[in-house]
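Participant: okay, predicted coordinates and the sequence, questions at the end:
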Amino acid sequence: MSLAPETRQVIDQLLAENRVVLFMKGNRGQPQCGFSAKAVSALDMLVADYATIDVLQHPAIREGIKVYGNWPTIPQLYVAGELLGGSDIITEMFESGELADALGVALPAEPAPRVEVSPAAAAIMQGALQDHPGTAVHLKIDAAFDHSLSLTPPKPGTVEIDAGPVKLRADRLSATRAEGLRIDVRETLQGQGFAFDNPQAPPPVKPLTVTALKAALDAGTAPRVYDVRGDDEREVAAIAAARPWDDAAAREIDALPKDAPLAFLCHRGGRSRNVAERYRRRGYTNVYNVEGGIDAWSCEVDPTVPRY
């Protein structure tokens, strides 16, 4: 397959204008595949500002970027015009510290976070270590404050955390997010699992009723409102104050301070809650979900807005 000159020019311009560019499926706020989500997670741990190109919205770039760098899959990460690789390579480089070096990010000095592990959780970890000699319990806390534990051989460069009856290991960035963490055991429908109580995690998404939103709009104190529905639904029913959540809106949000008030709206509140949660997990601390969505707005605020 050959690369059309106009597509090459577009890619050249993107790489010239942005030092760090991730060609991915979806956008930073809502990746559309697991591999893209892994790449975003690694980058979010290291840098606040980078460009993402949603190849699902740009078919010519989706095929052209594979030819451009002779790399067959998406996502693809470019730094200073150089292709670093796809999801697996990004993850490996993150864990080894090479990604931080490539991005010019100085990793923090080795911290010594205080982590508390309950006796029940410690017993499970100790049993797993006995069953798998030569391994260590690795703690990972990503930029979204998603916590995970894995049992793998000790990795160079990781921080050892003395958690009472057990020792954990973590990459240096995870360790900076672990201060005050408490790990316990919880019962789920699938059986036992670990529960993480982290005081550093951002606050939860806050509910916003349509009547409260209307009052805030009238008073000029409303948060920025983003409508996460598609164009087809917005053509049926919309709120004038709610701007579409698209690539331009995603870039706008990326440029805002993390305490900027943000509200998300959809048909009945489900999709917008998922998007709001993604931004909360990325560290935004003042995030709202419009409960009931445009349907509640029609029922409780403005009956001229059609229901569907």
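Facilitator: The structure has been received and is ready for your questions.
Participant: just for the stretch 151-300 of the chain, where's the confidence low?
Facilitator: Applying pLDDT under 70 to the stretch 151-300 of the chain picks out no residues at all.
Participant: and the helices in the stretch 101-250 of the chain?
Facilitator: Under the criterion DSSP state H, counting those that start in this stretch, the stretch 101-250 of the chain carries helices at the ranges 119-131, 172-176, 210-219, 231-236, 247-254.
Participant: how about JSON lines for these, with mean neighbour count and distance to Pro303 added?
Facilitator: Just so you know, the C-beta spots here come from the backbone N, C-alpha and C atoms, and that holds for glycine as well. Compiled in JSON lines, the helices of the stretch 101-250 of the chain are given as follows (neighbours: other CB atoms under 10 Å; distance: least, CB to CB, whole Å):
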{"stretch": "helix 119-131", "mean neighbour count": "14", "distance to Pro303": "53"}
{"stretch": "helix 172-176", "mean neighbour count": "21", "distance to Pro303": "51"}
{"stretch": "helix 210-219", "mean neighbour count": "16", "distance to Pro303": "12"}
{"stretch": "helix 231-236", "mean neighbour count": "11", "distance to Pro303": "15"}
{"stretch": "helix 247-254", "mean neighbour count": "16", "distance to Pro303": "28"}
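Participant: quick check: which of those is nearest to Ala106?
Facilitator: Judged by CB to CB, the one of the helices of the stretch 101-250 of the chain that comes nearest to Ala106 is helix 172-176, at 10.5 Å.
Participant: can you list the residues that contact the closest one?
Facilitator: Outside of helix 172-176, the residues within contact range by CB atoms under 8 Å, 6 or more residues apart in numbering are 45-46, 107-108, 110-111, 113, 139-142, 157-159, 161.
Participant: in JSON lines: the helices of the stretch 101-250 of the chain, plus distance to Met24.
Facilitator: Conversion of these to JSON lines gives the following (distance: least, CB to CB, whole Å):
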{"stretch": "helix 119-131", "distance to Met24": "34"}
{"stretch": "helix 172-176", "distance to Met24": "21"}
{"stretch": "helix 210-219", "distance to Met24": "32"}
{"stretch": "helix 231-236", "distance to Met24": "22"}
{"stretch": "helix 247-254", "distance to Met24": "12"}
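Participant: filter the contacts of helix 172-176 down to just the ones in strands.
Facilitator: Restricting those to those inside strands, with DSSP state E as the criterion, leaves 139-141, 159, 161.
Participant: ok, the residues you listed vs Asp197, which is closest?
Facilitator: Among these, Ile141 lies closest to Asp197 (CB to CB), at 12.3 Å.
Participant: next, the contact list for that closest one, please.
Facilitator: Ile141 touches 147, 170, 174, 177-178, 181, 198, counting by CB under 8 Å, 6+ apart.
Participant: again, but for Ala100
Facilitator: 46, 94, 106-107.
Participant: right, and the pair among those residues with maximum separation?
Facilitator: In the contacts of Ala100, two members sit farther apart than any others by CB to CB. They are Phe94 and Ala106, at 14.9 Å.
Participant: looking at those two, which has the bigger crowd around it?
Facilitator: Here Phe94 and Ala106 are compared on neighbour count by other CB atoms under 10 Å; more neighbours surround Phe94, at 22 against 7.
Participant: excluding chain neighbours, what is closest to that one?
Facilitator: Excluding the flanking residues, the one nearest Phe94 by CB to CB, 6 or more residues apart in numbering is Ala42, at 4.1 Å.
Participant: count residues in the vicinity of that neighbour, would you?
Facilitator: Residues contacting Ala42 under the criterion other CB under 10 Å number 24.
Participant: that one and Leu256: what is the separation?
Facilitator: The spacing between Ala42 and Leu256, counted by CB to CB, to the nearest Å, is 22 Å.
Participant: again, but for Val21
Facilitator: The value you get for Val21 to Leu256, if CB to CB is used, is 21 Å.
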